[in-house]
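Peer 1: have a look at this fold, sequence not included:
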């Protein structure tokens with residue numbers, strides 16, 4: 001396990017048009033691979049698959065699952081996956097700079113009034129006095145990899161509190177959870193369905209909300225290869241239409257809760273096919289329900305947040321200063337929110 005500080009860079013890998021939602025013909029059967037993590041935050045793709053929204057668009061989808069964001073970005077660039085949802089990372093930005101990947105929409109977002117990502121303390125650190133983010137000075141903060149979204153969140157939180165933390169890269173979320181439980185690392189930030197489940201077991205403690213430090217954070221984005229974005233417009237629009245229908249169902253069932261109790265129950269059962277599959281339904285249900293965050297309607301993208309994230313990666317020396325949001329984002333597919 002290698003420590004690095006907030007200022008250490010690591011060499012990383014190597015009015016917009018509105019998405020046409022109506023009247024577009026389905027494609028002839030088009031095979032594609034969609035990258036995903038087994039998180040509730042990836043539910044829009046799962047819903048689109050299970051409810052036939054992909055097939056209605058002529059898309060023959062299979063999923064490829066990953067355990068961290070950056071390997072998924074590499075898979076998109078190499079052609080092992082066609083579309084995916086992931087946080088903005090140094091790796092993704094560098095791949096965009098090399099002409100290999102493009103962000104084409106927004107997915108998970110922090111939103112005022114909707115429960116969002118949590119800041120966690122290990123039980124050992126909590127018992128030693130780490131009871132709020134103000135107490136993070138000198139503590140270790142878990143990340144999957146340098147330049148990951150966890151690194152961005154931890155850095156923004158520590159900067160806001162005027163404290164110094166050391167970041168511990170542990171590669172996979174599962175490894176971070178193990179390190180938090182054993183007290184090998186002091187703090188972490190993660191989506192609420194994981195945070196609350198861990199806190200409920202007593203293994204960790206929730207000591208703050210990420211939204212208090214990064215309001216309106218565009219947590220994840222929809223992205224694809226630069227080749228698909230530039231030359232596969234019909235297929236890309238079809239994917240986004242189906243994805244957006246899945247997001248609408250998810251939001252109405254579990255975020256806005258306007259679809260009713262029966263729809264919420266059906267949604268949780270659908271997500272459970274992909275998330276917490278090692279748990280009985282009754283044990284998985286609370287984590288899925290309590291951890292539901294907004295997935296942007298019509299895959300709209302918060303460009304102000306994207307610009308903030310890109311600026312942070314550049315300020316840390318993790319990506320080139322010459323990279324612009326135009327390098328990273330193809331703004332022609334969905335609404336750009338400022």
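Peer 2: In hand now; what should we look at? What you see is a predicted model, and the numbers here were worked out from it, not measured in a lab. Residues are numbered from 1 along each chain as shown.
Peer 1: list the contacts for the residue sitting nearest the centre point of the chain?
Peer 2: Per CA atoms, centre = their mean, the C-alpha nearest to the average position across the chain is that of residue 220, at 3.6 Å. Going by CB atoms under 8 Å, 6 or more residues apart in numbering, residue 220 touches 41, 85-87, 106-108. Where you see a C-beta, it was placed from the backbone N, CA and C, and this is true even at glycine.
Peer 1: how close does it get to residue 206?
Peer 2: Using CB to CB, to the nearest Å, residue 220 is found at 21 Å from residue 206.
Peer 1: what's the burial count for the closest residue to residue 235 other than its chain neighbours?
Peer 2: Nearest non-adjacent residue to residue 235, counting by CB to CB, 6 or more residues apart in numbering: residue 30, 5.6 Å away. For residue 30, the count of nearby residues is 18 (other CB atoms under 10 Å).
Peer 1: cool, residue 134 as well?
Peer 2: For residue 134, using other CB under 10 Å, the count is 13.
Peer 1: list the contacts for the closest residue in space to it that isn't next to it in sequence?
Peer 2: In space, and not counting its chain neighbours, residue 134 is closest to residue 161: 5.3 Å by CB to CB, 6+ apart. Counting by CB under 8 Å, 6+ apart, residue 161 touches 133-134, 136-137.
Peer 1: tell me the buried residues within those.
Peer 2: 133, 136 (16 or more other CB atoms under 10 Å).
Peer 1: got a markdown table for the contacts of residue 161, with secondary structure too?
Peer 2: Shown next, in a markdown table, are those (DSSP: H, G, I helix; E, B strand; the rest coil):
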| residue | secondary structure |
| --- | --- |
| 133 | helix |
| 134 | helix |
| 136 | coil |
| 137 | coil |
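Peer 1: of the contacts of residue 161, which is the nearest to residue 231?
Peer 2: residue 133 (45.1 Å; CB to CB).
Peer 1: now the closest one: how far from residue 297?
Peer 2: The gap separating residue 133 from residue 297 is 31 Å, by CB to CB.
Peer 1: ok, the residue nearest to the centre of the chain to residue 110 distance?
Peer 2: Noted for residue 220: a distance of 11 Å to residue 110, by CB to CB.
Peer 1: try residue 170
Peer 2: According to CB to CB, residue 170 and residue 110 sit 24 Å apart.
Peer 1: so who does the closest residue to residue 31 other than its chain neighbours touch?
Peer 2: For residue 31, ignoring the flanking residues on the chain, the nearest one in space by CB to CB, 6+ apart is residue 60 at 4.5 Å. Neighbour list for residue 60: 29-32, 54 [criterion: CB under 8 Å, 6+ apart].
Peer 1: residue 274 contacts residue 38, correct?
Peer 2: Yes - taking CB atoms under 8 Å as the definition, residue 274 is a contact partner of residue 38 at 5.7 Å.
Peer 1: who has more neighbours, these two?
Peer 2: Shown here are residue 274 and residue 38; by other CB under 10 Å, residue 274 has more neighbours (20 against 17).
Peer 1: and stretch 194-204, how far out from the chain middle?
Peer 2: Relative to its chain's centre, stretch 194-204 lies at 20 Å (CA atoms, centre = their mean, to the nearest Å).
Peer 1: do a quick rundown of the helices in the stretch 101-250 of the chain.
Peer 2: Secondary structure of the stretch 101-250 of the chain (DSSP state H, counting those that start in this stretch): helices located at 123-127, 149-161, 173-182, 192-200, 226-231, 233-250.
Peer 1: quick check: which of those is nearest to residue 282?
Peer 2: helix 192-200 (13.4 Å).
Peer 1: could you list the buried residues of that closest one?
Peer 2: 192-199.
Peer 1: on that earlier part again, nearest to residue 304 among the contacts of residue 220?
Peer 2: Distances from residue 304 to the contacts of residue 220, taken by CB to CB, are shortest for residue 106, at 11.3 Å.
Peer 1: give me the number of residues near that closest one?
Peer 2: Count around residue 106 with other CB under 10 Å applied: 29.
Peer 1: quick one: the residue lying closest to residue 137 once chain neighbours are set aside from residue 139, how far?
Peer 2: Spatial nearest neighbour of residue 137, excluding adjacent residues (CB to CB, 6+ apart): residue 163 at 3.7 Å. According to CB to CB, residue 163 stands 8 Å off from residue 139.
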